[in-house]
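Enquirer: no sequence for this one, just the structure:
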């Protein structure tokens, strides 16, 4: 049978999808049962493979910064800790064993797993600069993005519905509760005016970004 133009176009599209499969993942659905981006960028740093963009799975308990869908497209969604964990218990293990809101085959990193990444890029004093994206940080705060991790400043949000500091600040949940206090969890932080990377703890009801690690 003679091939139609439509068939040839479908073949061409399939070929292009295969060509780029080495740098993207087509996992669908999050551990929280929501809708995730069908494709996302990934990067291998040392022994770990990370998402190279913030998670954008639309699940109950997640929000766009300022409730604006354009910010979800740019920064990914913001999650409270319980939503990010999808009800799982805290973990300090490597790997964490917590799928959480991450798609199948991926998991939410424990604090210890984040530390593995920090060590792989040369330590906390310069990790912020090396992991930050080359654009979209305010006040000349862009990084060198040496490892294509492309961290973006998605800001944060409060349980009251307030939002803060997108463009200047990025915070990412760890799957680990703050040591000695079950009401808070660990948050990895990057700021526009600092080369270093740091840790803070915050109430689990606050909203921060999520990055997932491949199982």
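Expert: Structure received. The model shown is predicted, which means the values in this text are computed figures rather than measured ones.
Enquirer: What is the burial count for the nearest residue in space to residue 76 that is not next to it in sequence?
Expert: Once flanking residues are discounted, residue 76 sits nearest to residue 54: 2.9 Å by Cβ to Cβ, 6 or more residues apart in numbering. In this view, the C-beta of every residue, glycine as well, is placed from N, C-alpha and C. With neighbours defined by other Cβ atoms under 10 Å, the count for residue 54 comes to 24.
Enquirer: contacting residues around residue 54?
Expert: Residues near residue 54 by Cβ atoms under 8 Å, 6 or more residues apart in numbering: 75, 76, 77, 152, 154, 172, 209, 210, 211.
Enquirer: and if we set it to 7 Å?
Expert: Counting by Cβ atoms under 7 Å, 6 or more residues apart in numbering, residue 54 touches 75, 76, 152, 154, 209, 210, 211.
Enquirer: That one in helix, strand or coil?
Expert: coil (DSSP: H, G, I helix; E, B strand; the rest coil).
Enquirer: Okay, it and residue 79: tell me how far apart.
Expert: 10 Å (Cβ to Cβ, to the nearest Å).
Enquirer: Export the contacts of residue 54 as a markdown table, with columns for pLDDT, neighbour count and distance to residue 193.
Expert: Below are these laid out as a markdown table (pLDDT from 0 to 100; neighbours: other Cβ atoms under 10 Å; distance: Cβ to Cβ, whole Å):
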| residue | pLDDT | neighbour count | distance to residue 193 |
| --- | --- | --- | --- |
| 75 | 97 | 22 | 19 |
| 76 | 96 | 24 | 22 |
| 152 | 97 | 20 | 16 |
| 154 | 98 | 29 | 17 |
| 209 | 98 | 27 | 19 |
| 210 | 98 | 29 | 24 |
| 211 | 98 | 23 | 22 |
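Enquirer: related to what we said a few turns ago, give the residues shared as contacts by residue 54 and residue 79.
Expert: Joint contacts of residue 54 and residue 79 (Cβ under 7 Å, 6+ apart) are residue 210.
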